[in-house]
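# Pasted the sequence and its predicted model underneath.
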Amino acid sequence: MGWWACLTALVAAAGGLSLLLPGTLSAGILWLTACAAGVGLGAVLWRMLNGLDELCLRLEDPAAYSEEKSSSLPAPFRCALQKWSIQQKERTEQLESENRRLLLELQQCRRHRMWGQPILNTIRDAVLVVNEQDQIIFANPAAQELLGFCPEADSPPSLETTVTEPLLREKIRRCRSGRICHLRHELTFDVHSRRRIFEAVFSFLEESGENGGNVVAVLHDISREHEISQMKNEFVNQVSHELKTPLASINAYAEMLVDSEAQDAEAIRQFCSIIQNQALRLNRMIEDMLNISRIESGLVKVNKENHSIALIVRDAVEMMQSYAQEKNITLHSPPPILYDQACVDRDMISQAVINLISNAVKYTPAGGSVTVGLEVDEADGRLRVTVSDTGVGIPPEELGRLFEKFYRIQANSHLAKGTGLGLNLVKQIIETLHGGRVFVSSTVGQGSTFGFELPLASAGCAAAPV
């Protein structure tokens, strides 16, 4: 403000000089009046300019400018400035809070995008996203493998040409046209020449626009669950049938005994023998089912020790000799082997060998033979037990199901009675409990060979129950 003070001083000096000159009294008075007016106007302008400077400083940094520094401003102007400063401070705080919230949401969106893609790519369910133009804009690897295509980023594949199953296309379009948030349906169609069942869930994701929106389809393969459910139903039916047959025989002959239909001791003995045999059959079937159930549930105790498999096989052959002789069948036992030790549960392996020999004798006609073999492969560290017969043989299409529960070959069922659990029990004992392998080969009309492999014993065979 120094330049305004200098100007005011010059005007005052000029007025003073005019007073000293003659004839200039009136002019001097005018100059004095002008000087006073100039001084007052200069003071007002100076305060205004000073206030503008303070206002600029306040606007540049409201927090750093103290209230004492604004004391030179007029009171109304100062109050208005303070109110405006408070409002701007609150607005600034709101904007900073909103900015922090938006940054947090942005980080979450980035994190979800970063995590969501790998998660969708690793799940086993097929996931499809179809837009309103019937284009597949997303498909995880499971969906690509299921539908047999590889999407391109620049040209999304068409739903019509990519999805060959018409029911799946119809459900996707129905979900979009009806704007259905959640639609569940069970679909069955062929995948790689195999019939598969899917639980499909469709969801509509609405977007801006009258017809905008995508449809997300998730296909969960439940083929295995259906197979298990069907197997359970078949198991219940088979168990009911197998239990009903011996119980019906026991009940019938018991009623005849009660009604005194057996007139002599021989008839009574015959009826009692039938009841006893059926009761034993029922007991064997229940024991087999319990053993299989214990093995599958992991509740069975296995006492493994090093045993000679040749001795176990020899004892089993001696036990089955009388049964083979009743049918006029020759039973051959294997020659002794120097080293055939295996870490096994002796009773369980003996039961497996007896089941195989009993099966061979059942389905071999009179005059035939059953040969039990034992081989040791020290190079591979394994031994093999085989039971070969000269029986009726098994059709090739039946071989894959022989070790299933309750499965019996219908063509050979008239030759012998059984529960269909013996071979399944052998499989459980050998593969589940001893880490071995069962196998079978057969030729119709010539005979069959059943057997199993076990690892040879090592120095660290555990005797503790498994």
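Arrived safely.
# Just give me how far stretch 401-409 sits from the chain centre.
31 Å (CA atoms, centre = their mean, to the nearest Å).
# same question, stretch 384-396
With CA atoms, centre = their mean, you get 41 Å for stretch 384-396.
# where along this protein do the helices fall?
In the chain, the helices defined using DSSP state H lie at 2-20, 25-60, 75-122, 141-147, 159-162, 166-177, 223-258, 265-297, 309-326, 346-362, 422-427, 434.
# now these as a markdown table including mean neighbour count?
(C-beta placed from N, C-alpha, C; glycine too.) Below are the helices of the chain laid out as a markdown table (neighbours: other CB atoms under 10 Å):
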| stretch | mean neighbour count |
| --- | --- |
| helix 2-20 | 13 |
| helix 25-60 | 13 |
| helix 75-122 | 11 |
| helix 141-147 | 19 |
| helix 159-162 | 16 |
| helix 166-177 | 17 |
| helix 223-258 | 13 |
| helix 265-297 | 14 |
| helix 309-326 | 17 |
| helix 346-362 | 22 |
| helix 422-427 | 22 |
| helix 434 | 23 |
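# Comparing these by mean pLDDT, which bottoms out?
When the helices of the chain are compared by mean pLDDT, helix 2-20 comes last with a mean of 54.
# right, so of the helices of the chain, which gets closest to N214?
The minimum distance between N214 and these falls on helix 166-177, with 8.1 Å, by CB to CB.
# coming back round to it: any chance of the helices of the chain in TSV, plus distance to E453?
What follows is the helices of the chain, written out as TSV (distance: least, CB to CB, whole Å):
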stretch	distance to E453
helix 2-20	112
helix 25-60	90
helix 75-122	37
helix 141-147	35
helix 159-162	47
helix 166-177	46
helix 223-258	27
helix 265-297	18
helix 309-326	11
helix 346-362	12
helix 422-427	12
helix 434	10
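# what's the closest of those to I197?
So among the helices of the chain, helix 223-258 is nearest, using CB to CB, at 4.8 Å.
# helices or strands next to the closest one in the packing?
strand 194-206, helix 265-297 (3 or more CB pairs under 8 Å, 6 or more residues apart in numbering; DSSP states H and E).
# now that helix, how far from the chain's geometric center?
In terms of CA atoms, centre = their mean, the centre of helix 223-258 is set 35 Å apart from its chain centre.
# circling back: can you tell me which of the helices of the chain is nearest to Q135?
Per CB to CB, nearest to Q135 of those: helix 159-162, 6.9 Å.
# that older thread, closest to V191 out of the helices of the chain?
helix 141-147 (6.3 Å).
# Give me the contacts around the closest one.
121, 123-128, 139, 150-151, 162-164, 191, 219 (CB atoms under 8 Å, 6 or more residues apart in numbering).
# Just the C-alpha atoms of that helix, please, in CSV.
Extracted in CSV, the C-alpha atoms of helix 141-147 (Å, rounded to 0.1, in the frame of the first residue of the first chain):
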residue,chain,number,x,y,z
PRO,A,141,-12.9,-75.1,-18.3
ALA,A,142,-15.4,-77.6,-17.0
ALA,A,143,-18.1,-76.1,-19.3
GLN,A,144,-15.7,-76.0,-22.2
GLU,A,145,-14.9,-79.7,-21.8
LEU,A,146,-18.5,-80.6,-21.3
LEU,A,147,-19.7,-78.7,-24.4
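# would you turn the helices and strands packed on helix 223-258 into JSON lines with distance to Y407?
Formatted as JSON lines, those follow (distance: least, CB to CB, whole Å):
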{"stretch": "strand 194-206", "distance to Y407": "21"}
{"stretch": "helix 265-297", "distance to Y407": "13"}
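# closest to L433 out of those?
Nearest to L433, of those and by CB to CB, is helix 265-297 at 6.3 Å.
# So what's the residue count around F452?
F452 has 24 neighbours, counted by other CB atoms under 10 Å.
# pLDDT wise, what is it at?
In this model, F452 is scored at 95, pLDDT.
# wouldn't it be in contact with V385 here?
Yes. At 5.7 Å, F452 and V385 qualify as touching, with contact defined as CB atoms under 8 Å.
# Can you list phi and psi of the closest residue to L454 other than its chain neighbours for me?
Of all residues not flanking L454 in the chain, G436 sits nearest, at 4.4 Å (CB to CB, 6 or more residues apart in numbering). Dihedral pair for G436: phi -100, psi -160, per degrees, to the nearest 10.
# Number of residues surrounding G436?
There are 22 residues near G436, going by other CB under 10 Å.
# Also G373?
The burial count for G373: 16, using other CB under 10 Å.
# Against I357, how distant is it?
In this view, G373 and I357 are 12 Å apart by CB to CB, to the nearest Å.
# tell me, what's touching those two both at once?
Counting by CB under 8 Å, 6+ apart, the residues touching both G373 and I357 are V387.
# Touching, Q351 and G422? I think so.
No. Judged on CB under 8 Å, Q351 makes no contact with G422 at a distance of 9.5 Å.
# can you pull out the strands in the stretch 301-450 of the chain?
305-308, 330-332, 341-344, 369-377, 382-389, 437-443, 447-455 (DSSP state E, counting those that start in this stretch).
# Give the buried residues for the first one.
Taking 16 or more other CB atoms under 10 Å as the basis for neighbour counts, the residues of strand 305-308 that come out buried are 307-308.
# Now find how far off-centre it is within its chain.
With CA atoms, centre = their mean, you get 41 Å for strand 305-308.
# Then the shortest one?
Averaged C-alpha coordinates place strand 330-332 at 52 Å from its chain's average position (CA atoms, centre = their mean).
# What residues sit buried inside it?
Buried residues in strand 330-332 (16+ other CB under 10 Å): L331.
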